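Visitor: 3D model of this:
(2 chains)
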Amino acid sequence: MPSRDEIFEKVRETLCDALGVDDDEVKESSTLFGDLGAESIDILDILFRLEKAFGIKIPRSELLPENVTAADPNFVANGVLTPAGVAELKAKMPHADIDSFAKDPKVEKLTDLLTVKMIVNFLESKLS
Amino acid sequence: MRWMWVDRFVEFESGKRAVSIKNVSLAEEHLHDHFPGFPVMPHSLILEGLAQTGGILLGESHQFSKVVVLAKVPRMTFHSYVTPGETLTYRTTLEEANAEGGMVSATAKVGDRLVAEGEILFAHVNSEQSGSVRVDQKSFVFELLRGILDVGKTGDPTLPVA
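Guide: Presented below is the predicted three-dimensional model:
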């Protein structure tokens, strides 16, 4: 099993290829959409490259589940996630830093959950 | 003018790879504007030919049951230009594919000379996503490329008429 550093290096390489960013721009804390300028179509590109780099199948629903908060009207109230919504998010995205997000759980900040660290966490548990 | 930027498929291995050719002719009007006195095949149209070759490779892999659209060109490098009288060979290999789309690697060559190389990402979209007009890609492909998919047979006088 590769070490966390080895996983990070491959993820960094993948993101450089898929998003055209420089090595030093990719940090564990970088957000995909905010810091690295990804667009929605880049996600498919990133998934394909990660699958190739690590030789595994990665269902999008495991790494990046879509529309988690839209599944139930009780998950969101006035643009903010309810405790039930946060709990659902935690269940669906165990690799993301939900605890930090939960301090100010605005829907508009959901994309900030998609960080390099989340991908590395996901791969680390997937490969172990 | 029909938006067809390949003339013929010459090799086709379902779900794996497709090879097509494009003959560049001075009769093509766009070459007279690109550029006056110096006609060269526009790189954007070479990319289109590669995308048509790779897109049909992906579409055929699921019997054209999904609408395939060019989503992204992560990387494409052009090494030389192509002039009238030359034949481009487009080689595409399906690297990855799933329910959401696919990725091909691609090269364009004239003989042994490398003209372009890169990757093309395709996405599958449903009819709502593809705009107000319903896209019937299957008939598009079959109408416009009828016979072309019969690899190597189109216009080949040595083969019997089907």
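Visitor: and whichever residue of chain A sits closest to chain B, helix, strand or coil?
Guide: Among all residues of chain A, A:F48 sits closest to chain B, at 4.1 Å; criterion: CB to the nearest CB. Just so you know, the C-beta spots here come from the backbone N, C-alpha and C atoms, and that holds for glycine as well. Using DSSP: H, G, I helix; E, B strand; the rest coil, the structure places A:F48 in helix.
Visitor: and what of the one 3 residues further on?
Guide: With three-state DSSP as the basis, the three-state label of A:E51 is helix.
Visitor: for it, give me its contacts.
Guide: A:57-58, B:96 (CB atoms under 8 Å, 6 or more residues apart in numbering or on different chains).
Visitor: which of these fall in strands?
Guide: Counting by DSSP state E, the part of those found in strands is B:E96.
Visitor: any idea how far the spatially closest residue to B:L47 that is not a sequence neighbour lies from A:P83?
Guide: Nearest residue to B:L47, sequence neighbours excluded (CB to CB, 6 or more residues apart in numbering or on different chains): B:M76, at 6.1 Å. Relative to A:P83, B:M76 is positioned 48 Å away (CB to CB, to the nearest Å).
Visitor: quick one: which of those two has more around it?
Guide: A direct count of neighbours by other CB atoms under 10 Å in any protein chain shown for B:M76 and A:P83 places B:M76 higher, at 17 against 11.
Visitor: next up, the contacts around the residue in chain B that chain A sits nearest to.
Guide: At 4.1 Å from chain A, B:E96 is the closest residue in chain B, using CB to the nearest CB. B:E96 makes contact with A:48, A:51-52, B:102-103 under the criterion CB under 8 Å, 6+ apart.
Visitor: rerun that using 10 Å as the cut-off
Guide: Listed by CB atoms under 10 Å, 6 or more residues apart in numbering or on different chains, the contact partners of B:E96 are A:44-45, A:47-49, A:51-52, B:102-105, B:121.
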